[in-house]
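**Q** Based on what follows, work out the 3D shape:
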Amino acid sequence: MSRKPIRNHVLDALRGIASLQVLATHLQSSITGFYPGGWLASHPVAVATLEHGAIGVDVFFLISGFIVYLAARRVIHAGKGVRLFLLKRFLRIFLPYWPIALALAAAYMLLPGLSSAADPIQVNWIKSLTLIPGGGRLFPICGLDP
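**A** Now for the predicted structure:
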């Protein structure tokens, strides 16, 4: 008889809030780049949220890493193979990600105006498709650069 995993609703809520901050971070360049005169680009609360949205990225990955650890520990203690766990994680992450990433790559190549980047064709697609982080500041609040 297998037990149903216990959900931690507080962690789920924090991860949900963090994911909204991640969304705000990704929307920042679009909002300020495409609509610089719009109310959202100059509203103090929106600006503060967008400027500090990167915190949500850190919180989201921290909580997600903890949840993955708990799931891995559960699999190992149940006697199931680590290979099966890694295969499931790989498929869960990359199976939905790659088609979307490739579709966006095609859209950026066909319609470069969709991106606020100077040259969206020059994006490091290998890093993007493997989810290897690149560029930017590691600790934006502390001001530490890579």
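
**Q** L131 against I93, yeah?
**A** Yes - at 7.5 Å, L131 counts as touching I93 under the criterion of CB atoms under 8 Å. C-beta: built from backbone N, CA, C; applies to glycine.

**Q** Now do the helices in the chain.
**A** Under the criterion DSSP state H, the chain carries helices at the ranges 9-34, 39-42, 44-51, 54-77, 82-110, 125-130.

**Q** who does the third one touch, helix- and strand-wise?
**A** When contacts are defined as 3 or more CB pairs under 8 Å, 6 or more residues apart in numbering; DSSP states H and E, helix 44-51 sits against helix 9-34.

**Q** by how many degrees do the helix it packs on and helix 44-51 diverge?
**A** Using axes from the mean of the first three to the mean of the last three CA atoms, to 10 degrees, the interaxial angle of helix 9-34 with respect to helix 44-51 works out to 100 degrees.

**Q** buried ones in helix 9-34?
**A** Residues 14-15, 18-19, 21-22, 24-25, 28, 31-32 are the ones in helix 9-34 that count as buried (16 or more other CB atoms under 10 Å).

**Q** Quick check: the gap between Q28 and A13.
**A** From Q28 over to A13 the distance is 23 Å, taken as CB to CB, to the nearest Å.
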